[in-house]
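Enquirer: The following comprises the amino acid sequence and a computationally predicted model.
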Amino acid sequence: MLRVENLVKVYKDVRALDGLNLEVKPGQVYGFLGPNGAGKSTTILSTLGLIFPQEGRIELFGEEVFRDGRFDEGRLVKAKARVGYMPEHATLWDFLTPEQTLDVIADAFGIPRAEKEKRIGELLDLVGLKEVRNRKVGKFSKGMRQRLLLAQALINDPELLILDEPMTGLDPKGIAEFKEIIREQRKAGKTVFFSSHILAHVEEVCDTVGVIVKGKLRLKDSIENIKREFLRKAGYTIIIETNKPVDWGSVEWSVAPLGENKYRVVASRDVREEIHDFVAGQGAKILTMQVKEPSLEEIFLKMVQ
Ligand code: ADP
């Protein structure tokens, strides 16, 4: 669907993309996760031919649209007709209603009059704006605006949806609703590629997550494996109190005394059960145990700094 190879984009003295590799397969919901400034928008704008990278290759639907500093205009135009795009900083016409907005967009895409009404009705239903189809957009919440922007991106029934930070600024309810719409898109056979700087946005909706840091893809896996990797890097901290001193001589974890019979154990994974066994093996008992697991969001930010 989308393949990016060794993409390099330099803005004056900023190397925004530093040999980026990325592959989105048909039917995937791919979360493109990275901190602000990592190069997510630059990647997206490059794949759409909206900015010019200096080096690398881009393929859309198996066709090479960019190579070593040049876009193939003909192929790009054809490929883009099959893509729906929702920009990060999009504006809406506040004085129009959702129905009028989609009507304007449908005309811009040359959708025949006979199909237009049906298509707009389906989209308003899909994004949950049917009830407010005749209200002015100016009074809409952020969540409603984002859903209307998504409906715009879907107007030409694209095979690939590219969304730049679509859930940023939404409250938890808005995020859950947006994810539900993405799931429906996947069921309808579409491929979705969306960016975010917040781990929670890619949870429970993506089958693949790529982590971009400083213009390079650092990790690509399922969200479960990425979370495991984050936790392994960050480590678990477990504080225990025992009824008598324990000799930690033979353990692989890092153990520091915190006071009388009180210890801090730091390990790369959850070793609670092993601590129990180890302490019991020395004929001692655990009086209290406290596990400090950093939030995944904290770990993610720590890892990518
Ligand atoms: P993200 O979308 O992950 O927040 P961007 O792709 O917007 O990251 O930016 C990547 C890097 O490129 C940042 O350091 C940013 O400041 C820089 N950058 C982005 N656009 C421009 C531009 N038009 N001119 C100069 N530098 C830019």
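Expert: Yep, that arrived.
Enquirer: in the stretch 1-150 of the chain, which spans are strands?
Expert: 2-11, 14-24, 29-33, 55-60, 63-67, 70-71, 83-86 (DSSP state E, counting those that start in this stretch).
Enquirer: how many neighbours does the closest residue to Thr42 other than its chain neighbours have?
Expert: Of all residues not flanking Thr42 in the chain, Ala16 sits nearest, at 4.4 Å (Cβ to Cβ, 6 or more residues apart in numbering). The way it works is simple: take the backbone N, C-alpha and C, and place the C-beta from them, glycine included. Per other Cβ atoms under 10 Å, the neighbour tally for Ala16 reads 22.
Enquirer: hmm, back to that, relative to Lys292, which of the strands of the stretch 1-150 of the chain is closest?
Expert: strand 29-33 (24.1 Å; Cβ to Cβ).
Enquirer: any idea of the mean pLDDT in the closest one?
Expert: Mean per-residue pLDDT for strand 29-33: 95.
Enquirer: Quick one: list the elements packing against that strand.
Expert: Packing partners of strand 29-33 (3 or more Cβ pairs under 8 Å, 6 or more residues apart in numbering; DSSP states H and E): helix 40-47, helix 172-187, strand 191-196, helix 199-202, strand 208-213.
Enquirer: ok, back up a step: hang on, the residue nearest to Thr42 packs against Ile212?
Expert: No - in terms of Cβ atoms under 8 Å, Ala16 does not count as a neighbour of Ile212; the distance is 10.5 Å.
Enquirer: shared neighbours, those two?
Expert: The contact sets of Ala16 and Ile212 overlap at Gly39 (Cβ atoms under 8 Å, 6 or more residues apart in numbering).
Enquirer: picking up where we left off before, quick one: closest of the strands of the stretch 1-150 of the chain to Lys187.
Expert: strand 29-33 (10.6 Å).
Enquirer: which neighbours does that closest one have in its sheet, and in what orientation?
Expert: Strand 29-33 has the following sheet partners, assigned by DSSP bridges: strand 191-196 (parallel), strand 208-213 (parallel).
Enquirer: most neighbours per residue, which of these?
Expert: Mean neighbour count, computed with mean count of other Cβ atoms under 10 Å, is highest for strand 191-196 among these, reaching a mean of 24.
Enquirer: Does it reach the ligand?
Expert: No - contact between strand 191-196 and the ligand is absent, the nearest approach being 6.5 Å (criterion: Cβ under 6 Å from any ligand atom).
Enquirer: Please compute how far that strand lies from its chain's middle.
Expert: How far strand 191-196 lies from its chain's middle: 6 Å, per Cα atoms, centre = their mean, to the nearest Å.
Enquirer: now the angle between helix 172-187 and it, please.
Expert: Counting by axes from the mean of the first three to the mean of the last three Cα atoms, to 10 degrees, strand 191-196 lies at 150 degrees to helix 172-187.
Enquirer: Which among the strands of the stretch 1-150 of the chain is found nearest to Val251?
Expert: Within the strands of the stretch 1-150 of the chain, the stretch nearest Val251 is strand 29-33; the backing value is 34.3 Å (Cβ to Cβ).
Enquirer: and the angle for the closest one with helix 40-47?
Expert: 130 degrees.
Enquirer: Quick check, pLDDT for Ile212.
Expert: With respect to pLDDT, Ile212 has a value of 90.
Enquirer: Could you report the neighbour count for the closest residue in space to it that isn't next to it in sequence?
Expert: Residue nearest to Ile212 in three dimensions, not counting chain neighbours: Gly34, with 3.7 Å by Cβ to Cβ, 6+ apart. Gly34: 23 surrounding residues under other Cβ under 10 Å.
Enquirer: ok, Gly34 - contacts?
Expert: Gly34 sits next to Lys40, Ser195, His197, Val211, Ile212, Val213, Val304 when contact means Cβ under 8 Å, 6+ apart.
Enquirer: any idea which of those is closest to the ligand?
Expert: When those are ranked by distance to the ligand (Cβ to the nearest ligand atom), Lys40 comes first, at 3.4 Å.
Enquirer: hmm, back to that, may I see the strands of the stretch 1-150 of the chain organised as JSON lines, with distance to Leu150 added?
Expert: Shown next, in JSON lines, are these (distance: least, Cβ to Cβ, whole Å):
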{"stretch": "strand 2-11", "distance to Leu150": "19"}
{"stretch": "strand 14-24", "distance to Leu150": "18"}
{"stretch": "strand 29-33", "distance to Leu150": "14"}
{"stretch": "strand 55-60", "distance to Leu150": "20"}
{"stretch": "strand 63-67", "distance to Leu150": "24"}
{"stretch": "strand 70-71", "distance to Leu150": "26"}
{"stretch": "strand 83-86", "distance to Leu150": "6"}
